[in-house]
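A.B. asks: Just a sequence and a predicted model for now, questions to come.
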Amino acid sequence: MGRMETFLRILALLQVLMALAAQKKTVPVFTGTEGGSVDINCRYKDSYIYSKQYFCRAPCSNSDVLIETQKADIPVSKDRYSILNTVSTRSVSVTIKNLRLTDSGVYYCGVDQWGSDTLTKVEISVKKAQVNLSTTPQTTGSTGNSPITHYKHFNQSALPVNSRVNSKWGIE
């Protein structure tokens with residue numbers, strides 16, 4: 001086997017390894033229940049500590065920005081969204097309250113930079129709240145011959161479920 005053939009085999013092997021490594025980069029999925037809330041945590045490099053952080057929905061043009069930080073370590077709230085850039089942990093946390101099914105989709109944690117911004121892709125999946133009504137009849141006093149029956153409805157599975165996932169390390 002000649003040098004050129006060995007070189008080509010090594011090159012082909014490197015291409016396969018690079019393709020496998022690229023597949024390992026998975027987008028973190030944050031899951032919540034309709035009516036509940038979800039917490040998203042994105043980490044960033046040390047050099048971005050005092051840069052403006054923001055959260056946007058894909059495709060993430062200026063009109064897609066949902067909320068942005070004003071200063072480090074100071075929380076900001078706007079509508080159903082809140083954001084906090086925590087310098088000590090080099091992370092930005094975003095909370096979305098009162099989740100809707102239409103909130104499902106691709107979002108980005110962005111770092112405002114000169115030139116092009118740094119974006120971390122995340123996905124949000126909102127599950128429909130299940131409606132399981134259990135009825136417990138309760139009879140109370142009556143006016144005449146017929147008792148008055150009241151039903152208490154309790155929907156336990158429709159209570160909000162909160163999810164926290166760290167975009168770098170998985171579920172917290």
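C.D. replies: Right, received. Where do you want to start? Owing to the predicted nature of the structure, the values given are computational and were not obtained by experimental measurement.

A.B. asks: Surely S77 is in a strand?
C.D. replies: Yes - in this structure, S77 lies within a strand as judged by DSSP: H, G, I helix; E, B strand; the rest coil.

A.B. asks: What segments of the protein are strands?
C.D. replies: Taking DSSP state E, the strands of the chain run over residues 29-33, 38-43, 53-57, 65-68, 76-78, 81-86, 91-96, 105-111, 118-127, 134-142, 147-154, 163-166, 170-171.

A.B. asks: can I have the second one written out in PDB, keeping just the CAs?
C.D. replies: Same thing as strand 38-43. In PDB, the C-alpha atoms belonging to strand 38-43 read as follows (Å, rounded to 0.1, in the frame of the first residue of the first chain):
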ATOM      1  CA  VAL A  38     -40.700  26.400  31.900                       C
ATOM      2  CA  ASP A  39     -37.200  27.500  32.900                       C
ATOM      3  CA  ILE A  40     -34.400  27.600  30.300                       C
ATOM      4  CA  ASN A  41     -30.800  28.000  31.300                       C
ATOM      5  CA  CYS A  42     -28.100  28.800  28.800                       C
ATOM      6  CA  ARG A  43     -24.400  29.000  29.600                       C
END
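
A.B. asks: Just list what that strand packs against, helices and strands only.
C.D. replies: If you count contacts as 3 or more C-beta pairs under 8 Å, 6 or more residues apart in numbering; DSSP states H and E, strand 38-43 packs onto strand 29-33, strand 91-96, strand 105-111, strand 118-127, strand 163-166. To be clear about C-beta, it is placed using only N, CA and C from the backbone, and glycine gets the same treatment.

A.B. asks: can I get the ones you listed in JSON lines with distance to P59 and mean pLDDT?
C.D. replies: As requested, these are exported to JSON lines (distance: least, C-beta to C-beta, whole Å; pLDDT from 0 to 100):
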{"stretch": "strand 29-33", "distance to P59": "19", "mean pLDDT": "97"}
{"stretch": "strand 91-96", "distance to P59": "18", "mean pLDDT": "98"}
{"stretch": "strand 105-111", "distance to P59": "9", "mean pLDDT": "98"}
{"stretch": "strand 118-127", "distance to P59": "10", "mean pLDDT": "97"}
{"stretch": "strand 163-166", "distance to P59": "23", "mean pLDDT": "42"}
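
A.B. asks: Just give the number of residues close to S91.
C.D. replies: 18 (other C-beta atoms under 10 Å).
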